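# Give me a 3D structure for the following:
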Amino acid sequence: MKRAIIVDSGCSPTKEWIEKYNLYFMGMKVYIDGKEFTDGVDLDHEKFYSLVKSADDIHTAQPSLKEIMNIYESLLEKGYEEIVDIHFSSKMSGLFNTAQMAKNMLNVDVKIIDTKMVSIGASLVARRIVELLEDEGRIFEEVESKVPKIIENTFMEFTVPTLKYLIKNGRIGKAAGLAGTLMKIVPVLTVEDAEITPLTKVRGINKAYKVMADNAFEFIKNKPYNIKIYKVHGFDNNKVQEDHVFEMFMEKFEKLNYDYELVEGRIWPTVACHSGPEVFGLAVYGEENPL
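Just a heads-up that it's a prediction; the model follows:
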């Protein structure tokens, strides 16, 4: 069966991964001081982080219903018999629901998946789904049944110096109680039940490094199969912080002698508009037993 797989910019795909599997891409709209861009199309990471340094307002919007319908129709015209459309959390964007509307209006059999995560977490969920479909040749229905377990096998965490972007863009989720309490407190956040959720808050960035490294190690230490690690940062100065966490994590992880795949990059504009551009994070995926 000729299959097309779509992934959106909220899933933080890498260029290499898109090219490897010949994936199709759906970019969210990004607005910087009122000017519209399409993430990954006319707005790359370098351009975004250059513009955002002096921007007063950044926010996102989803592609229109018509745009999504056009994407589906163009793939059908190319002869694809199956379309799998993978999206970041439906609780953080209306994109998943709009895709469902487009599918219903066209009356076509598009398989739409909600990763229930965002950014690097959604990326690791999407990567495992694509592997099962493309590398292992599993049928969609079998892979779909494993999506809850794939999500369960994924852990992501990140930290930001301010919650103002999460609050402004309505993505604060269960971390709302931290608003106004930060000062010298550093929050470590995750995505749980498809919402931003606080893991802990510590005093000082060095404690945050240790907590994040320990969290990732504890999650992965008993999951030796199909391990993936995704390290990410926003501004250039955040890469130093990202590297601190990663190195502390690897000090423990390497002693396990597990095979792993490493992915690294910058937070996509779609996600940086929600979290704020000054951010760094780490995500890990692993299985106790192969799926």
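
# Can I get the helix or strand hosting residue 68 in PDB, CA atoms only?
Under the criterion of DSSP states H and E, residue 68 resides in helix 65-77. The C-alpha atoms that make up helix 65-77 are tabulated as PDB, following Å, rounded to 0.1, in the frame of the first residue of the first chain:
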ATOM      1  CA  LEU A  65      -9.500  24.000   7.400                       C
ATOM      2  CA  LYS A  66      -9.200  24.600   3.700                       C
ATOM      3  CA  GLU A  67      -5.400  24.300   3.800                       C
ATOM      4  CA  ILE A  68      -5.600  21.000   5.500                       C
ATOM      5  CA  MET A  69      -8.200  19.700   3.100                       C
ATOM      6  CA  ASN A  70      -5.900  20.800   0.200                       C
ATOM      7  CA  ILE A  71      -3.000  18.800   1.700                       C
ATOM      8  CA  TYR A  72      -5.200  15.700   2.000                       C
ATOM      9  CA  GLU A  73      -6.600  16.100  -1.500                       C
ATOM     10  CA  SER A  74      -3.100  16.700  -3.100                       C
ATOM     11  CA  LEU A  75      -1.800  13.400  -1.500                       C
ATOM     12  CA  LEU A  76      -4.800  11.500  -2.800                       C
ATOM     13  CA  GLU A  77      -4.200  12.900  -6.300                       C
END
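
# which other helices and strands contact it?
Other helices and strands packing on helix 65-77, by 3 or more Cβ pairs under 8 Å, 6 or more residues apart in numbering; DSSP states H and E, are strand 3-8, strand 24-26, strand 82-87, helix 95-106. The way it works is simple: take the backbone N, C-alpha and C, and place the C-beta from them, glycine included.

# repeat that for 7 Å
When contacts are defined as 3 or more Cβ pairs under 7 Å, 6 or more residues apart in numbering; DSSP states H and E, helix 65-77 packs onto helix 95-106.

# got the angle for the helix it packs on vs strand 3-8?
For helix 95-106 against strand 3-8, the angle by axes from the mean of the first three to the mean of the last three Cα atoms, to 10 degrees is 140 degrees.

# distance between helix 95-106 and the chain's centre?
Its chain's average C-alpha position is 21 Å from that of helix 95-106, according to Cα atoms, centre = their mean, to the nearest Å.

# That helix vs strand 82-87, what angle?
Relative orientation of helix 95-106 and strand 82-87, computed by the same axes, to 10 degrees: 150 degrees.

# for the nearest residue to residue 260 once chain neighbours are set aside, helix, strand, or coil?
Closest residue to residue 260 apart from its sequence neighbours, by Cβ to Cβ, 6 or more residues apart in numbering: residue 227 at 4.0 Å. Classification of residue 227 by DSSP: H, G, I helix; E, B strand; the rest coil places it in strand.

# re earlier: which residues sit against the helix holding residue 68?
Here helix 65-77 makes contact (Cβ atoms under 7 Å, 6 or more residues apart in numbering) with 4, 24, 26, 83, 98, 99, 101, 102, 105, 106, 108, 110.

# of these, the lowest pLDDT goes to which?
Across the set of these, residue 108 stands lowest in pLDDT, at 88.

# Let's test this: what are the backbone torsions at it?
Main-chain dihedrals, residue 108, degrees, to the nearest 10: phi -120, psi 160.

# Count residues in the vicinity of it, would you?
14 (other Cβ atoms under 10 Å).

# Next, work out how far apart it and residue 102 are.
Between residue 108 and residue 102 the computed distance is 9 Å (Cβ to Cβ, to the nearest Å).

# same check, this time on residue 240
For residue 240, the distance to residue 102 - Cβ to Cβ - is 42 Å.

# Between these two, which is the more surrounded one?
Using other Cβ under 10 Å as the criterion, residue 240 and residue 102 rank with residue 102 on top: 24 against 10.

# contacting residues around the more buried one?
Contacts of residue 102 (Cβ under 7 Å, 6+ apart): 65, 68, 69, 72.

# What is the burial count for the third one?
What that stands for is residue 69. 19.

# pLDDT wise, what is the residue nearest the centre of the chain at?
For the chain, the residue nearest the mean C-alpha position is residue 119 (1.6 Å; Cα atoms, centre = their mean). We have a pLDDT of 94 for residue 119.

# That one and residue 266 touch, don't they?
No. The criterion here is Cβ atoms under 7 Å, and residue 119 misses it with residue 266 at 10.7 Å.
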